[in-house]
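**Q** take this sequence and fold it.
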Amino acid sequence: MRSTRIAISAAMLGALALPVLSATTASATPASSCSSQPPLPYEVHTKAVTIRSKATTKSTALGVLYKSHNFTVHKKSGNWLYITDKTTGVKGWVSGTYVYRDVRMCLD
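**A** Presented below is the predicted three-dimensional model:
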């Protein structure tokens, strides 16, 4: 019981100290606008994803886009991306469920 109280007290003190530390750090660095930063690149967020001939799971598989491959996104249709796999040269559609940009959070 006592160890639970100590753990809760430590967590509360840490939560209270975090805004103070964040405010100090934020004022020490120059502010930059999120709109001035380039968008984050697309990445494969699984081991591999199937490249398809059309933007549907029922279409023909043309190849596999692996996490280690470089690729270019040409256009987007719904949750599907038309890409070129620079490693193999295959062009086709991949699901946006597995290939997407990470989100950048800015506190302006």
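**Q** what's across from K75 in the sheet?
**A** Per DSSP bridges, the residues bridged to K75 are Y82.
**Q** just confirm it contacts Y82, I think it does.
**A** Yes: counting by Cβ atoms under 8 Å, K75 touches Y82, with 4.8 Å between them. Bear in mind the C-beta positions are built from the backbone N, C-alpha and C, glycine included.
**Q** those two: who's more crowded?
**A** In this view K75 and Y82 are compared by other Cβ atoms under 10 Å, and Y82 has more residues nearby, 16 against 9.
**Q** pLDDT value on that one, please?
**A** Y82 is assigned 97 on the pLDDT scale.
**Q** so how far is R104 from it?
**A** 24 Å (Cβ to Cβ, to the nearest Å).
**Q** what of A61?
**A** 33 Å.
**Q** same thing with S36?
**A** In terms of Cβ to Cβ, S36 sits 12 Å off from R104.
**Q** one more: P38?
**A** The value you get for P38 to R104, if Cβ to Cβ is used, is 10 Å.
**Q** the two - which one has more neighbours?
**A** The neighbour count for P38 versus R104, taken as other Cβ under 10 Å, is higher for R104 (10 against 6).
**Q** ok, now which ones touch the closest residue in space to G96 that isn't next to it in sequence?
**A** Once flanking residues are discounted, G96 sits nearest to N79: 4.1 Å by Cβ to Cβ, 6 or more residues apart in numbering. Shown in contact with N79 (Cβ atoms under 8 Å, 6 or more residues apart in numbering): S95, G96, T97.
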